[in-house]
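Engineer: Sequence plus predicted model, see below.
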There are 2 protein chains.
Amino acid sequence: MAGKVYLIGAGPGDPDLITVKALKALASADVVLLDDLVNRELLQHAPKARVIEVGKRGGCKSTPQHFINRMMVALAEQGQVVARLKGGDPFLFGRGGEELLALRAATIPVEVIPGVTSGIAAPANIGIPVTHRELSHGVTFITGHTQNDQTPDWRALVLGGTTLVIYMGMKRLASIVTDLLAAGMAMDTPAAAIHQGTLPQQRHVVSTVAQLPMAVQQEGLTSPGIIVVGDVVRLAYSKGTLDALEVAA
Amino acid sequence: MAGKVYLIGAGPGDPDLITVKALKALASADVVLLDDLVNRELLQHAPKARVIEVGKRGGCKSTPQHFINRMMVALAEQGQVVARLKGGDPFLFGRGGEELLALRAATIPVEVIPGVTSGIAAPANIGIPVTHRELSHGVTFITGHTQNDQTPDWRALVLGGTTLVIYMGMKRLASIVTDLLAAGMAMDTPAAAIHQGTLPQQRHVVSTVAQLPMAVQQEGLTSPGIIVVGDVVRLAYSKGTLDALEVAA
């Protein structure tokens, strides 16, 4: 009997922000491979599944990617239905592409179930649309946690004028802001940081990009978090120093 | 009795790609205000709701935005629970921000329920992760349907090197490709177009950016569709001319 792997986006945190399709896959799963940032409440939807924790939180020792890939292949070859449950969306900074390639190379049947990404949901939860007529015609999602010393082309990103949403950037925030200002971004560009977006423990600050690192420190916000930079931040429900910029309806 | 408005993302098309939270809101709705591109199957989840079609498909005559805003406010002021159901995510090219501001200005209680966006889900459905280690460190979502003659800064977008995902660009595809090439994008940059992503009638082509308009025309692909440009397109399940670029796992 052939097994199968579902690469599933668990959504941004709130357990109700998972899709119906993901719940159906979880219900059929024999095994769940679980990332750190996935809400444990979701496991109730996989009643017959064995749960294996394979967290890879940035900076910590954890299961290497190639080991996760081999485990998924081995389980599926044993005929098991594997639910690979990842925070947010599996293909937006989720390394789902690497897992998909490994599964395809082993000719394992695989289905990708996209999820609500925290880069949209966390800003939305404090009133910020990542695009908004007359304020932003586009949005760029980047990661602050650089792999292989890859650095985004900050100057091009600033020139592009899209809303910037930065994942995994809380720890490197001061350095990211320095890069943005050096790349020509105006110091008073509105910016926000949202910790644990969509969860009950969500907290956020709104500030200017230049003052964001200090505001984040003063509020004691830590990882995991989402950083948003751009004029759309003016629409945030106020928690910070931008009230004077409030945009009328 | 106070009414309420839910601004709901219906997801990319597949009716199972809606969130559990959205279903709960629909179940409580007295009225559903429905966009064109929302899957009608979702209405079964709003059994007690009156349905009002307020489609605003690009280019066609339809309900003006300010009229939709006023209708939501009026219904909520009558004490009704209003589900404003929009394709994809309400805050990514969904004009949800404008609706949120109108509701806030009228002090109507409002809750935003994010959705899976087609710019992630449609590429995922043909094997393309919008970000992928060593191929793309970020992704930019833009619209090809320009408002107020706003044009994206194509040169900055090309320089930035992020994956480009273009919404509502099928009709203007030839012009968009001309802009991208004029902005310095390599002609052989991989590109794909996906029509009706995640639905049974989904169709797609994979090509180079220079040849994409011809490939789309030959396959007869039309709106609605998502365009993806960047090296991640090499990972697509083949339907086109990029097989020689196949990336090993």
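Structural biologist: Nice, I can see it.

Engineer: Give the residue spans of chain A that score low on pLDDT.
Structural biologist: Scanning chain A for pLDDT under 70 picks out A:1, A:56-62, A:146-150, A:239-249.

Engineer: According to the record, where do the domains of it fall?
Structural biologist: Annotated domains of chain A cover A:4-113, A:118-245 [automatic domain parsing].

Engineer: Include distance to residue B:83 and mean neighbour count when you put those into TSV, please.
Structural biologist: C-beta: built from backbone N, CA, C; applies to glycine. Formatted as TSV, the domains of chain A follow (distance: least, Cβ to Cβ, whole Å; neighbours: other Cβ atoms under 10 Å in any protein chain shown):
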stretch	distance to residue B:83	mean neighbour count
domain A:4-113	15	20
domain A:118-245	16	20
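
Engineer: for those domains, which one sits closest to residue B:204?
Structural biologist: domain A:4-113 (14.5 Å; Cβ to Cβ).

Engineer: Include distance to residue B:37 when you put the domains of chain A into TSV, please.
Structural biologist: Conversion of the domains of chain A to TSV gives the following (distance: least, Cβ to Cβ, whole Å):
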stretch	distance to residue B:37
domain A:4-113	17
domain A:118-245	17
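
Engineer: In TSV, list the ones you listed along with distance to chain B.
Structural biologist: Output for those, formatted as TSV (distance: least, Cβ to the nearest Cβ, whole Å):
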stretch	distance to chain B
domain A:4-113	3
domain A:118-245	3
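
Engineer: Nearest to residue B:235, out of these?
Structural biologist: That would be domain A:4-113 among the domains of chain A, by Cβ to Cβ, at 6.3 Å.

Engineer: What's the biggest helix in chain A, counting residues?
Structural biologist: The longest helix of chain A (DSSP state H) is helix A:65-77.

Engineer: and the angle from the helix or strand following that one to helix A:65-77?
Structural biologist: Counting by DSSP states H and E, the next helix or strand C-terminal to helix A:65-77 is strand A:81-86. Here strand A:81-86 runs at an angle of 150 degrees relative to helix A:65-77 (axes from the mean of the first three to the mean of the last three Cα atoms, to 10 degrees).

Engineer: which strands and helices sit next to strand A:81-86?
Structural biologist: Other helices and strands packing on strand A:81-86, by 3 or more Cβ pairs under 8 Å, 6 or more residues apart in numbering or on different chains; DSSP states H and E, are strand A:4-9, helix A:20-27, strand A:31-34, helix A:65-77.

Engineer: ok, and what's touching the longest one?
Structural biologist: Put plainly, it is helix A:65-77. A:2-5, A:30-31, A:33, A:52, A:54, A:56, A:82, A:84, A:95, A:98-99, A:102-103, A:106, A:108-109 (Cβ atoms under 8 Å, 6 or more residues apart in numbering or on different chains).

Engineer: can you do 10 Å?
Structural biologist: Residues from elsewhere that reach helix A:65-77 (Cβ atoms under 10 Å, 6 or more residues apart in numbering or on different chains): A:2-5, A:7, A:30-31, A:33, A:35, A:50, A:52, A:54, A:56, A:62-64, A:80-82, A:84, A:95, A:98-103, A:105-110, B:133, B:249.

Engineer: In CSV, list the C-alpha atoms belonging to that helix.
Structural biologist: Extracted C-alpha coordinates of helix A:65-77, given in CSV (Å, rounded to 0.1, in the frame of the first residue of the first chain):
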residue,chain,number,x,y,z
GLN,A,65,16.5,19.3,7.1
HIS,A,66,18.0,16.2,5.3
PHE,A,67,17.0,14.0,8.2
ILE,A,68,13.4,15.3,8.0
ASN,A,69,13.4,14.6,4.3
ARG,A,70,14.6,11.1,4.8
MET,A,71,12.1,10.4,7.6
MET,A,72,9.2,11.6,5.4
VAL,A,73,10.3,9.3,2.5
ALA,A,74,10.8,6.3,4.8
LEU,A,75,7.4,6.7,6.5
ALA,A,76,5.6,7.1,3.2
GLU,A,77,7.4,4.0,1.8
